[in-house]
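Enquirer: Can you look at this prediction? I've put the sequence above it.
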Amino acid sequence: MSASEVEQRPLRRDAQERRDRLIGAARREFATHGVDASLEKIAREAGVSIGTLYRHFPTRMDLLMAAFRPRLEEFMDGATRALAIEDPWDGFVYYLENLFATQAGDRGFNDFLSRRFTDNAETERIHDQMCRHIEDVLARAQDAGKVRPDLSQADIVNLIWSNGRMIDATTTTAPNAWRRHLYLMLDAYRAERAHPIPEPPMTDQQLYDAMVHLSQAD
């Protein structure tokens, strides 16, 4: 039985309270330890057995999606706002700042943005939607002559990867260091800063394969 089927059934009050505790514990553990956080520890933190966890969330991905839903909604709303901003450059900047502000302080969401989980249709759909947002925001700014024409979706994902490592390194010592790095990169992305680059961007397939590799490496 999938988590979506479980959610369609109205839960008793005590069962709903256990489910809510599991989601709260999962958010804390995933934020601290990433998507590979111990499910046993999440169950203990929620005060339930591991069997109860699996009754509510049959797979790790079911629990991940329940825990990440508010951040995903926040991020997707920000992407929609970015496309509605009149100036394409301002929309591009807003999109990236919203992306990294959502990413900051949550190692699990870092992992989610950086990887592909090929055995889960819902996460694949969400990642495809994120990629379309990146393409739309980027193409709009490039068509307006504001962003260098050779910048690609893969370059933005590379920035997500590097920003994730920076957040891991600085979150307790300089939690806003990512903003300086972002604005240095934004300066390099401006059309008037463009110079020929000796290495072509990754292809869509190379990018996808790299994100799958990250998911399988840990």
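Expert: Received it, and whenever you're ready, just let me know what you need. Numbering: from 1, shown residues only.
Enquirer: quick one, helices of this protein?
Expert: For the chain, the helices defined by DSSP state H cover 3-8, 13-33, 39-46, 50-56, 60-84, 88-103, 107-114, 121-143, 153-170, 177-189, 204-217.
Enquirer: which of the ones you listed sits most buried?
Expert: helix 107-114 (a mean of 23; mean count of other Cβ atoms under 10 Å). No exception for glycine: its C-beta is placed from N, CA and C like everyone else's.
Enquirer: residue ranges with poor pLDDT in this protein?
Expert: For the chain, residues meeting the criterion pLDDT under 70 lie at 1-11, 217-218.
Enquirer: Leaving aside the residues adjacent along the chain, what's closest to the most centrally placed residue in it?
Expert: The chain has L113 as the residue nearest its centroid, 2.9 Å off, counting by Cα atoms, centre = their mean. Once flanking residues are discounted, L113 sits nearest to I160: 5.4 Å by Cβ to Cβ, 6 or more residues apart in numbering.
Enquirer: cool, and G145?
Expert: A191 (5.6 Å).
Enquirer: do the same with E40
Expert: E40 sits nearest to I50 (Cβ to Cβ, 6+ apart), 5.6 Å away.
Enquirer: Hmm, that neighbour is touching H56, no?
Expert: No: assessed by Cβ atoms under 8 Å, I50 is found out of contact with H56, at 11.1 Å.
Enquirer: how far away is the residue nearest to the centre of the chain from R165?
Expert: Separation of L113 from R165 (Cβ to Cβ, to the nearest Å): 12 Å.
Enquirer: same thing with L159?
Expert: Taking Cβ to Cβ, one finds L159 at 11 Å from R165.
Enquirer: In contact with L53, which residues?
Expert: Going by Cβ atoms under 8 Å, 6 or more residues apart in numbering, L53 touches 22, 39, 42-43, 46, 63.
Enquirer: Quick check: the residue nearest to the centre of the chain vs P201, distance?
Expert: Counting by Cβ to Cβ, the gap from L113 to P201 is 19 Å.
Enquirer: Please apply the same query to K41.
Expert: From K41 to P201 the distance is 40 Å (Cβ to Cβ).
Enquirer: Okay, domains of the chain per the record?
Expert: Per the record, the chain has its domains at 3-58, 68-217, by automatic domain parsing.
Enquirer: what about N176, how many neighbours?
Expert: 10 (other Cβ atoms under 10 Å).
Enquirer: How much space separates it from R107?
Expert: On the measure of Cβ to Cβ, N176 and R107 end up 17 Å apart.
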